[in-house]
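*Asks:* let's see this in three dimensions:
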Amino acid sequence: MSDTAAISEALLHGAIDRLYEAAISPDLLPSAFDHVAGVCGGMGVTLFPHDPHDMAMTYVSGSITEAATEYFTQWL
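*Replies:* Below you'll find the predicted structure:
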C-alpha cells in the first residue's frame, strides 16, 4: 500500500474543505496548501497558471515561499 492510500477519509475531506475556503479567500491558499501537503506527506504545494509566461497568479504553500521565490527568480 502506498502512503497516499493510507490517508484517512476525514483528513482528505478536511484538506478539500480548506481548499474550498481558500477559493473564496485566496489569502488562505498558503495555509491550505500547507495542510494539503501535510496530509499527503509533502513539503508544500505549488499551483501554476496554465500560461507559464504569466506567473502573476502562481500560489505556493507558506512553508515553501522562500524556495519558490528563489526558483522563480533564478529559472523563470
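
*Asks:* now residue 31. Nearest residue, chain neighbours left out?
*Replies:* Excluding the flanking residues, the one nearest residue 31 by CB to CB, 6 or more residues apart in numbering is residue 62, at 5.9 Å. No exception for glycine: its C-beta is placed from N, CA and C like everyone else's.

*Asks:* how near is that neighbour to residue 51?
*Replies:* 24 Å (CB to CB, to the nearest Å).

*Asks:* on that earlier part again, if I follow the layout properly, the residue nearest to residue 31 ends up in contact with residue 34?
*Replies:* Yes - Residue 62 is within contact range of residue 34, at 5.3 Å (criterion: CB atoms under 8 Å).

*Asks:* neighbour count winner among these two?
*Replies:* Neighbours per residue (other CB atoms under 10 Å) separate residue 62 from residue 34, with residue 34 holding more: 20 against 14.

*Asks:* low-confidence stretches in this structure?
*Replies:* Scanning the chain for pLDDT under 70 picks out 1-5, 52-57, 76.

*Asks:* mind redoing it with 50?
*Replies:* Applying pLDDT under 50 to the chain flags residues 1, 4.

*Asks:* ok, longest helix in it?
*Replies:* Counting residues, the longest helix found in the chain (DSSP state H) is helix 9-24.

*Asks:* could you say what helices and strands that helix packs with?
*Replies:* helix 29-40 (3 or more CB pairs under 8 Å, 6 or more residues apart in numbering; DSSP states H and E).
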